[in-house]
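Asker: Provided below for reference: sequence and predicted model.
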Amino acid sequence: MAIFHTSIKTFSRSRGQSAVAAAAYRGGLLLADLLTGQQHDYRRRSGVVESFCLAPPDAPEWALDPRELWAVAEAAERRKDATVAREFEVSLPHELSEEQRAHLAFSLADALVDRYGFAVQASIHAPGTPDGLNHHVHILATTRRLGPDGLGEKTRELDVGPSGKVQVQWIREMVAATTNAHLEAAGHTSAIDHRSLAEQARSAMERGDDLAAAALSREPTQHLGKWAAAMVGKGEEAVKARTNDQIAEDNQEHYDYLVRKAGLAGKPVPTRGQGEGAGDGARVINKETAGLPLGLEMRGVSGVRLQHVLSTSHAPPEHGPVSLAHWVAQSLRDVEEISRARADLAMGKIRAALEWVKQQLEHEPETTELRQWVTKAVLQVRALRNLIVGRARRLLSLGRATRLNHMAEQEWERFNSDYPLGSTCYSKPEWTQRRGRRLSVLETRATELKSAQARASEQELSLIDAEIVRKAALLEALPSPPQVLVGQAHAPQPVAAGALTSPPPSHRGPKFH
């Protein structure tokens, strides 16, 4: 029987947690923290079926690369007690196949991205034992919305409080409805209910089904958690497992009593584990997308399998902490890309500074001060590069939206011209349905075009151009790394006044324990 389980948790620096580490562990990935240089390598962990990233359609390209997404998410938070990520853990029905569970996980992540506008990494995990049924997905989300210019405002509606309670209720209802839709599409009659057993029992009593209400009045079992589940998997005894066995035994005795009582009274016997919603008409699945494989775009949300992203040639080294040389080389590539796109920008000083650091690192060890300078420079260069790329993508999106809208208009006109009502083999309901689909597409394309036109308007592009010039000026004004920083590792010596400008405290990386 499919079981409902949805939990939401946050990751905070005050608890020594890291978004980069959480993403690496859940996805079975090798990820590096740009701020600390610490490398998190979980490629050998078992149980990860697959991982993929999703982001809003207008998000920067780096949002689909976990190596950059979580590094940027960490850098965006400056408080030492900041919340750096939020996780939604959802059970996936064991009745579904592996591919069907992947489609369900995509739909759940899709709904969250569409509602909250953040970027997510979804990692599907298999049960810990061969005969286990605990299939589930970890949907790790940024705490900020993502737009064309990168991370923006916090998703504070998900914080603790009245608003958070409303959002949690919506998430639980969405998970139940989406899961039931996929179960129904796969031909299964089982269903899940996001409500508590007490709420389901009250609902049964209100509709006069006393027997179902009694069956639903069973005592719920306790969630084992990963440590207790691991103990049980090893054949060891766990207190919660023992308690659950006793609860299950008591529930079974009560259920058997109800069956005997119902049989004597000639009443229908309640189905074991029966909940509401098995025939709920609200469970609707998008038939056009239910069988689609995961790809780069689905219902307006971008996505990519991490296996494709992590096979690129610029992967970080496999062992040891990520070196400054790696980030300097990446930043130099970004500088070249910026120069090709905008030859009018002065990039000579930052290029020379990065080249100097590159040469020094070939002969001298890293220092904390130098790492801080490189971190600041790398992030500023990447921000400028993303701004330039984002501007180009706005123009590309406008061209694409214009073409798609034109195609939708042509199809709408063609259908009305070739198939007027009453002149085809279509029945009136079928004709109405086909025409309605084309009208819906046309309206969607028109809305997309309007949005693309607004984002690529002369005023918007002028603002972006001004921001590009400002960021380029900040880069050129960045103090060059003095040679004395590298020499400190061998022979400490006083630094001349003004030779070293320490980055402000708000830009310093967090301490991880």
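Answerer: Happy to help now that I have it.

Asker: spatially, what comes nearest to Ser339 if we skip its sequence neighbours?
Answerer: Met347 (5.3 Å; Cβ to Cβ, 6 or more residues apart in numbering). For the C-beta atoms, the positions are set from N, CA and C on the backbone; glycine is no exception.

Asker: number of nearby residues for the one you found?
Answerer: Neighbour count of Met347, defined by other Cβ atoms under 10 Å: 20.

Asker: gap between it and Val335?
Answerer: Look at Met347 and Val335: by Cβ to Cβ, to the nearest Å, they are 5 Å apart.

Asker: again, but for Leu133
Answerer: According to Cβ to Cβ, Leu133 and Val335 sit 52 Å apart.

Asker: Ser480 now?
Answerer: 15 Å.

Asker: can you confirm Arg172 is in a helix?
Answerer: Yes: according to DSSP: H, G, I helix; E, B strand; the rest coil, Arg172 belongs to a helix.

Asker: wait, a strand at Arg43?
Answerer: No: counting by three-state DSSP, Arg43 falls outside a strand, being coil.

Asker: who touches the residue nearest to Ser339 in this structure?
Answerer: Residues in contact with Met347 (Cβ atoms under 8 Å, 6 or more residues apart in numbering) are 335, 338-339, 472, 475-476.

Asker: what about 7 Å?
Answerer: Going by Cβ atoms under 7 Å, 6 or more residues apart in numbering, Met347 touches 335, 338-339.

Asker: and the helices in the stretch 401-513 of the chain, which stretches?
Answerer: 428-455, 458-477, 483-487 (DSSP state H, counting those that start in this stretch).

Asker: most tightly packed of the ones you listed?
Answerer: A comparison of those by mean neighbour count, using mean count of other Cβ atoms under 10 Å, puts helix 483-487 on top with a mean of 17.

Asker: count of neighbours near Ile338?
Answerer: 25.

Asker: the helix or strand hosting it versus helix 458-477: what angle between them?
Answerer: Ile338 belongs to helix 324-341 when elements are defined using DSSP states H and E. When axes from the mean of the first three to the mean of the last three Cα atoms, to 10 degrees is applied, the directions of helix 324-341 and helix 458-477 differ by 140 degrees.

Asker: for Ser480, see how far away Glu474 is.
Answerer: No Glu there; residue 474 is Leu. In terms of Cβ to Cβ, Leu474 sits 14 Å off from Ser480.

Asker: so what's the backbone phi/psi at Ala22?
Answerer: phi -60, psi -40 (degrees, to the nearest 10).

Asker: need the contact list for it.
Answerer: 11, 85, 140.

Asker: most neighbours, which of those?
Answerer: Those, ranked by neighbours (other Cβ under 10 Å): first place Leu140, 28 neighbours.

Asker: partners of that one in the sheet?
Answerer: Beta bridges link Leu140 to Glu87, Gln121, judged by DSSP bridges.

Asker: still on that earlier bit, between Leu133 and Val335, who's got more neighbours?
Answerer: Ranked by neighbour count (other Cβ under 10 Å), Leu133 and Val335 place Val335 first, with 22 against 14.

Asker: list the contacts of the more buried one.
Answerer: By Cβ under 7 Å, 6+ apart, the contact list for Val335 reads 347, 350-351, 354, 381.

Asker: which one of those residues is nearest to Gln167?
Answerer: Val381 (36.4 Å; Cβ to Cβ).

Asker: and the pLDDT at that closest one?
Answerer: pLDDT recorded at Val381 is 90.

Asker: the helix or strand hosting it packs against which elements?
Answerer: Under the criterion DSSP H and E, the helix or strand holding Val381 is helix 368-418. Secondary-structure packing of helix 368-418 (3 or more Cβ pairs under 7 Å, 6 or more residues apart in numbering; DSSP states H and E): helix 324-341, helix 348-361, helix 428-455, helix 458-477, helix 483-487.

Asker: out of those helices, nearest to Lys165?
Answerer: helix 428-455 (31.7 Å).

Asker: and the angle from that closest one to helix 458-477?
Answerer: Here helix 428-455 points in a direction 50 degrees away from that of helix 458-477 (the same axes, to 10 degrees).

Asker: helix 428-455 - what's its average pLDDT?
Answerer: pLDDT averaged over helix 428-455 gives 88.

Asker: from Gly47, how far off is Glu95?
Answerer: Counting by Cβ to Cβ, the gap from Glu95 to Gly47 is 20 Å.

Asker: between those two, tell me which one has more neighbours.
Answerer: Neighbour count, other Cβ under 10 Å: between Glu95 and Gly47, Glu95 has more, with 18 against 12.

Asker: can you classify that one by secondary structure?
Answerer: Assigned by three-state DSSP, the conformation of Glu95 is coil.

Asker: from the contacts of Ala22, which is closest to Asp465?
Answerer: Using Cβ to Cβ, the contacts of Ala22 come closest to Asp465 at Ala85, 33.1 Å.

Asker: pretty sure the closest one sits against His138.
Answerer: No: Ala85 lies out of contact with His138 (Cβ atoms under 7 Å); the separation is 10.7 Å.

Asker: and Ala346, how close does it get to Ala472?
Answerer: From Ala346 to Ala472 the distance is 7 Å (Cβ to Cβ).

Asker: and for these two, which residues touch both?
Answerer: With Cβ under 7 Å, 6+ apart, Ala346 and Ala472 have no common neighbours.

Asker: quick one, phi/psi of Val90?
Answerer: phi -130, psi 130.
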